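Peer 1: generate a structure from the sequence data that follows.
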Amino acid sequence: MKYITTVNGQEYEIELLGEGKVAVNGEIYEVDMTSISGQPLYSLIANARSYEGFVYSVDGQWQVLMGGTLYDVVVEDERMRRLRAQAGGKAAAHGPVALKAPMPGLVVAVPVEVGQEVKKGDVLVVLESMKMQNELKSVKDGKVTQVKVSAGQAVEQGQVMVVVE
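Peer 2: Below you'll find the model as predicted:
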């Protein structure tokens with residue numbers, strides 16, 4: 001089956017080939033992915049390279065935190081994609097985006113403030129979890145309209161930290 005996967009606004013066509021093989025935009029990869037200790041932490045080996053990342057669902061979409069970068073991921077199969085297209089096309093690329101905590105942790109820094117203009121990729125929050133500091137970045141250009149956390153504050157997974165419009 002083929003899936004259309006959108007990662008931070010960029011689309012990829014993914015086909016599961018079986019036996020640990022996946023095609024991404026036609027390029028074949030040998031993969032092995034497993035959950036570590038039943039946590040949302042996964043180990044991925046793709047073409048003999050090793051990766052670790054937190055994978056979790058937020059409001060029906062996936063978020064992946066890997067190497068300190070937060071990726072917003074939407075996965076649709078071909079049928080869902082056709083149905084959505086017939087029902088009115090793509091969702092609007094505008095509107096508020098809430099940065100939610102990908103995992104429980106401690107806010108180390110919030111280098112933005114309400115009213116500040118930000119660009120896609122600007123750091124909104126530095127979050128420490130499992131002895132790692134992760135820079136959580138804006139997924140769009142816009143203006144910070146809400147800052148709901150401060151340095152030193154503990155947050156729970158899914159808690160809204162910053163809103164960008």
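
Peer 1: Pro55 contacts Ser43, correct?
Peer 2: Quick fix: residue 55 is Val, not Pro. No - under the contact definition of Cβ atoms under 8 Å, Val55 does not touch Ser43, with a separation of 10.8 Å. Where C-beta positions appear, they are placed from N, C-alpha and C, glycine not excepted.

Peer 1: more neighbours: which of those two?
Peer 2: Val55 (19 against 13; other Cβ atoms under 10 Å).

Peer 1: quick check: mean pLDDT across the host helix or strand of the more buried one?
Peer 2: Taking DSSP states H and E as the definition, one finds Val55 inside strand 49-58. Taken as a whole, strand 49-58 has an average pLDDT of 86.

Peer 1: and after the lowest-mean-pLDDT helix or strand in the chain, which helix or strand comes next?
Peer 2: Averaged element by element with mean pLDDT, DSSP states H and E, the chain has its least confident helix or strand at helix 78-86 (a mean of 64). Scanning forward in sequence from helix 78-86 by DSSP H and E, the next helix or strand is strand 97-100.

Peer 1: low-confidence stretches in the chain?
Peer 2: Of all residues in the chain, those with pLDDT under 70 make up the ranges 59-60, 79-94.

Peer 1: now what about the strand or helix carrying Glu128, what contacts it?
Peer 2: Secondary structure assigned from DSSP H and E places Glu128 in strand 123-129. Applying Cβ atoms under 8 Å, 6 or more residues apart in numbering, the set of residues contacting strand 123-129 from outside is 99, 101-112, 118, 133-138, 144, 149, 155, 161-162, 164.
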